[in-house]
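1. Next comes the sequence, and after it the predicted model I'd like to discuss.
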Amino acid sequence: MGRVLGIAIWIITVASVWMFVSGRWWFPEAITEHGPRVDSQFMITIVVVGIAFASAQIGLGWVLWKYRDRADSQRAIYSHGNNRLEIVWTVVTAIVFISLAIMGQRVWASLHLHSAPPGSYTVEVVAQQFAWNFHYSGKDGAFGRTNPEMIDDTTNPVGLDDADPNAKDDAVVATLVIPANRPTELILRSKDVTHSFWVPQLRFKQDLVPGMAIHVHFTANKVGKYELACAELCGMNHFKMKSFLLVLPENEFNELVAMPQNQFQTRKDELLNKYQLPNY
Amino acid sequence: MAETHAEVHRHPAPTGFIRKYIFSLDHKVIGIQYILLALSAVLVGMLMSVLMRINLSWPGTKLSILGTLFPTGAPDGVMNPEFYLSLVTMHGTIMVFFVLTTAPQGGFGNYFLPIQIGADDMAFPFLNMMSFWVTLVGFLVLLTAIFAEGNQTIGAWFSKLGESAFGGGSGTVGPIGGWTGYAPLSALGKVAGPGQGAGVSLWIISIAIFCVGSLLGALNFITTLLNMRTRGMSLMRMPLTCWAWFTTAVLALLSFPVLLGGGILLLLDRIAGTSFFIPGNLYVSGSLVPLHNGGSPLLWQHLFWFFGHPEVYIAILPGMGATSHILSTFARKPVFGYRAMVFALFAIGMLGFFVWGHHMFISGMSPYSAIAFSILTLSIGVPSAIKTFNWIGTLWGAKIRFTTPMLFAIGFVSLFVAGGITGLVLGQTSLDFFFHDTYFVTAHFHLVMGVASIFGMFAATYFWFPKMFGRMMNEGLGKFHFWITFLGVYAIFVPFHAMGMLGMPRRYSRFDEYEFLKNSKGLVLFVTVAAIITVAVQFVFYFNLVWSLFKGKKASDNPWEATTLEWTTATPPPHDNFAGHVPVVYRGPYEFSVPGAPNDFVMQTEPEGIEVSTRLGETSGNGGDGHRH
């Protein structure tokens, strides 16, 4: 039994490690400046985790194999432990784990401990049960005032106040369009319950909390069309609270956001058809 | 030194059926009641997971029984997204509260903590009885939550109840909110959509009731352990199981009141118009929400996770205790580094109170506090690693007897490593950008708090069944159960990591809306098949329990040749545990293979005089003798 169990544990170990090493199930390609840094931090972590996992499991399998009850009369070794060993592995794991923990803050700190760099393009994101609204400031770069009492789900989903001159050129559409190679700032809000902004390729996720306006920023650097999903349970149609992210080359982007309200939507739809989702 | 307690048992053995088996004050009966509750609850939770897997792999499957029972949740027998999310919610709640918190602590802890410390009962037998019955009421309320949302074949009565008490159901199956019940979704009521009506109110009430039951239990455990240890049972001579139950009780005492408070506030938001968790100006389902203003959705998350993270350890620490105990017994070796094991246990428990924020990195809380939470989180890896090393150290140089309880204890070690180690990934803020709320998280907590804890309980069941019922469980069936379950749970939960790598979000009733998830089809199907096989095999365990109860081989008083006090008394133990005799303890709990001793185990009650002082060169004396300083 000891040998069989030891071998079973080794096989499970090899299979689990293979699942990661094979690369068959891996992140979709990153499209942000910080994305590759997230990926490399993951590589470092998964190597450490893999080594720790494999050595614990192989060690476990080995003691099961070696110290199975054999038909000799010899007793088990009488030992209550070994303080020196105990100190060694405590110190070693503490150093490894705390170092990982500190390294694991770098990308986070670079994005979250600074406000958006100057020259960022800002979009307001307003989530609601099972739909995304993206509010663009238009040519003047100033967001029109919003008023919850003016919300109408079909004609005015974010409650834009037309009396405000800043609102004249604002556009509200269901697709997120951002420029490539220029920092993007998102102001995240929710109309009803908590949602979460999730585009796997961005290597970025952030909840949208009712009552809060959460400012985040990142820089996308690969043109294309990507899927945007909700990652926080928000009710029955949570699984299809879907939208798209369009990352456009600078000229195409500038041309789009300078358009008057009534043309924005049409042009955005053309672009949405022009770009294809990545091959998965 | 522990004090001796009264020689006369404080409550006489009951004679009537009701006082003996139903409203019993006997910790052993109460322990069995808790175990029966967990065995019933886990059956419901497990069948729910099978329904979820069927929906994920074969959406649109017709199950006419579902259509009959839940005409609105499964019209024509086809499950709709609301039904799926109710299953997610109920599966999580039932498993976390009524399985992982009841069996390990209320069940085995109740039965064996007093016996292992040589006491005749818990300190407060009446509180103990109340704690079980309160918990049972909580479970029944939770079950009614499935029906209170209304429009169900067998739920008409319940939906009337919901109608009069909580403004009615929303016409679907049970509550939708996940086991975490994030506000404001859980706070707004019916306006927030299907599954937000009376079912959610009952869900909150159920959890609040559960908190009360657990508090009564925790008080009892702590008092009993501190005050009622028999002569010679110093703290450092206690079995590691007792340390685990004690630490768990401390965690429960400090964390459940917070959830209780949070639950009451949430309920007030729903039914009394308060705004603890609901901010102003919400626009829900086509209209502005009147009357609410100034609440904070993040406050609920803080209160919930301040409880929720210690809860993870409440689930797994008793499994760690049982595993240490059982590994030592069948390795025929003292626990490696007893003292380090005690400190690590306590360190895990206490650190568990400072890391709740790692559930909230992307919630909108301060990114600075996220960093602090992250570093504290990874430092829990250190005491966890100590435990793993010491378990392997216990097996090193052993003479292992591969009984069924031993197999499950070894399985616990393997699964604890597999599940715990991905905490190093998820605990990093930078990696949480990707993994938060993906299947990577689901993989992590199912392996470590779900399956590993359950393996601890399986080990405990096979190990203590002979003492509890006087008969051995069938070894052949037990080993069959072990092998399929061990391979099965790995086959289910390792592929979850791969789904997480693809970015698959949790709590989705289907995956076909997204192109980036299309490569997951094979994985999802593989997991479903593995889950169905693994669940099916659990019925072998149920069969084994019932069959062994009547037909199992008669057990002697100490069938495993173990050393602790429960094996010194009759099988099953008498009402006052030691038949009027007070056991006296002379040595540590794991004196196996002592050189020069006649047997390879020395009972804790074996008087001095037997030579156990021999020490090998490098050994430290940890736990060998609690009196040595």
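-> Right, received. Where do you want to start?

2. Tell me where the stretch 151-280 of chain A has strands.
-> A:171-173, A:175-179, A:183-190, A:195-199, A:204-208, A:214-219, A:224-230, A:243-248 (DSSP state E, counting those that start in this stretch).

3. Any chance of TSV for those strands, columns mean pLDDT?
-> What follows is the strands of the stretch 151-280 of chain A, written out as TSV (pLDDT from 0 to 100):
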stretch	mean pLDDT
strand A:171-173	96
strand A:175-179	98
strand A:183-190	98
strand A:195-199	98
strand A:204-208	98
strand A:214-219	98
strand A:224-230	98
strand A:243-248	98
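
4. so where do the strands sit in chain B?
-> Assigned by DSSP state E, chain B shows strands spanning B:283-284, B:287-288.

5. Show me the one of those strands that comes nearest chain A.
-> strand B:283-284 (4.3 Å; CB to the nearest CB). (C-beta placed from N, C-alpha, C; glycine too.)

6. what pLDDT, on average, does that closest one get?
-> Across strand B:283-284, pLDDT averages out at 96.

7. hey, which of the strands of chain B is tucked in deepest?
-> Among the strands of chain B, strand B:283-284 has the highest mean neighbour count (mean count of other CB atoms under 10 Å in any protein chain shown), at a mean of 22.

8. Now for the spatially most central residue of chain A: which residues touch it?
-> Centroid-nearest residue in chain A, with CA atoms, centre = their mean: A:F204, separated by 3.2 Å. Applying CB atoms under 8 Å, 6 or more residues apart in numbering or on different chains to A:F204 gives the contacts A:32, A:34, A:111, A:197, A:216, A:218, B:433.

9. Mind doing that once more with 10 Å?
-> A:30, A:32, A:34-35, A:38, A:111, A:186, A:197-198, A:216-218, A:220, B:362, B:433-434 (CB atoms under 10 Å, 6 or more residues apart in numbering or on different chains).

10. TSV for the strands of chain B, including distance to chain A?
-> As requested, these are exported to TSV (distance: least, CB to the nearest CB, whole Å):
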stretch	distance to chain A
strand B:283-284	4
strand B:287-288	6
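
11. With B:F402 as the reference, name the closest of those strands.
-> Closest approach to B:F402 among the strands of chain B is made by strand B:283-284 (58.1 Å; CB to CB).

12. The residue in the stretch 51-200 of chain A that chain B sits nearest to - nearest residue in space that isn't next to it in sequence?
-> Closest approach between the stretch 51-200 of chain A and chain B, counting by CB to the nearest CB: A:G104, at 2.9 Å. With CB to CB, 6 or more residues apart in numbering or on different chains as the criterion, A:G104 has its nearest non-adjacent residue at 2.9 Å, and that residue is B:Q428.

13. Now for A:D164, how many residues are close by?
-> 15 (other CB atoms under 10 Å in any protein chain shown).

14. Retrieve the pLDDT associated with the nearest residue in space to it that is not next to it in sequence.
-> Once flanking residues are discounted, A:D164 sits nearest to A:R145: 4.2 Å by CB to CB, 6+ apart. What the model reports for A:R145 is a pLDDT of 95.

15. got the contact list for A:R145?
-> Shown in contact with A:R145 (CB under 10 Å, 6+ apart): A:159-167, A:170.

16. how about a cut-off of 7 Å?
-> A:R145 makes contact with A:161, A:164, A:166-167, according to CB atoms under 7 Å, 6 or more residues apart in numbering or on different chains.

17. Save those as CSV, and put in pLDDT too.
-> Output for the contacts of A:R145, formatted as CSV (pLDDT from 0 to 100):
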residue, pLDDT
A:D161, 95
A:D164, 95
A:N166, 94
A:A167, 93
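
18. Mind putting the strands of chain B into TSV with distance to B:P383?
-> TSV is the format used below for the strands of chain B (distance: least, CB to CB, whole Å):
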stretch	distance to B:P383
strand B:283-284	44
strand B:287-288	50
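
19. returning to what we had before: need the max-distance pair from the contacts of A:F204.
-> So, the contacts of A:F204 by CB to CB: farthest apart are A:A220 and B:I362, at 18.5 Å.

20. ok, back up a step: which of the strands of chain B sits closest to B:V527?
-> Comparing the strands of chain B by CB to CB, strand B:283-284 comes nearest, at 35.0 Å.

21. List the strands paired with the closest one, with their directions.
-> Using DSSP bridges, strand B:283-284 pairs in its sheet with strand B:287-288 (antiparallel).

22. got the buried residues for stretch B:271-284?
-> Neighbour-count burial for stretch B:271-284 flags B:274-284 (criterion: 16 or more other CB atoms under 10 Å in any protein chain shown).

23. Alpha carbons of that stretch, as CSV, please.
-> The C-alpha trace of stretch B:271-284 is given here as CSV (Å, rounded to 0.1, in the frame of the first residue of the first chain):
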residue,chain,number,x,y,z
ILE,B,271,-36.7,45.2,6.3
ALA,B,272,-36.4,48.3,8.4
GLY,B,273,-35.2,50.9,5.9
THR,B,274,-31.8,51.5,7.4
SER,B,275,-28.8,52.3,5.2
PHE,B,276,-25.8,50.6,6.6
PHE,B,277,-24.7,49.1,3.3
ILE,B,278,-26.8,51.0,0.8
PRO,B,279,-25.5,54.3,-0.6
GLY,B,280,-27.8,57.0,-1.9
ASN,B,281,-29.0,57.6,-5.5
LEU,B,282,-29.1,54.0,-6.6
TYR,B,283,-31.0,53.4,-9.8
VAL,B,284,-32.1,49.8,-9.8
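
24. what about stretch B:77-90, distance to the chain center?
-> Distance of stretch B:77-90 from the chain centroid (CA atoms, centre = their mean, to the nearest Å) equals 24 Å.

25. A:S79 is in what secondary structure piece?
-> Per DSSP states H and E: A:S79 is located in neither a helix nor a strand.

26. Show the contacting residues for B:W464.
-> For B:W464, the contacting residues are B:108, B:112, by CB under 7 Å, 6+ apart.

27. Okay, buried residues for stretch A:124-144 please.
-> A:124-138, A:143-144.

28. Take stretch B:315-328, keep the C-alpha atoms, and write them as PDB.
-> Presented in PDB, the C-alpha positions along stretch B:315-328 are these (Å, rounded to 0.1, in the frame of the first residue of the first chain):
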ATOM      1  CA  ALA B 315     -12.900  24.700   9.000                       C
ATOM      2  CA  ILE B 316      -9.400  23.300   8.600                       C
ATOM      3  CA  LEU B 317      -7.700  23.500  12.000                       C
ATOM      4  CA  PRO B 318      -9.600  20.500  13.400                       C
ATOM      5  CA  GLY B 319      -8.600  18.600  10.400                       C
ATOM      6  CA  MET B 320      -5.000  19.500  11.100                       C
ATOM      7  CA  GLY B 321      -5.400  18.300  14.600                       C
ATOM      8  CA  ALA B 322      -6.900  15.000  13.600                       C
ATOM      9  CA  THR B 323      -4.300  14.500  10.900                       C
ATOM     10  CA  SER B 324      -1.400  15.000  13.300                       C
ATOM     11  CA  HIS B 325      -3.000  12.700  15.800                       C
ATOM     12  CA  ILE B 326      -3.700   9.900  13.300                       C
ATOM     13  CA  LEU B 327      -0.400  10.200  11.500                       C
ATOM     14  CA  SER B 328       1.500   9.700  14.700                       C
END
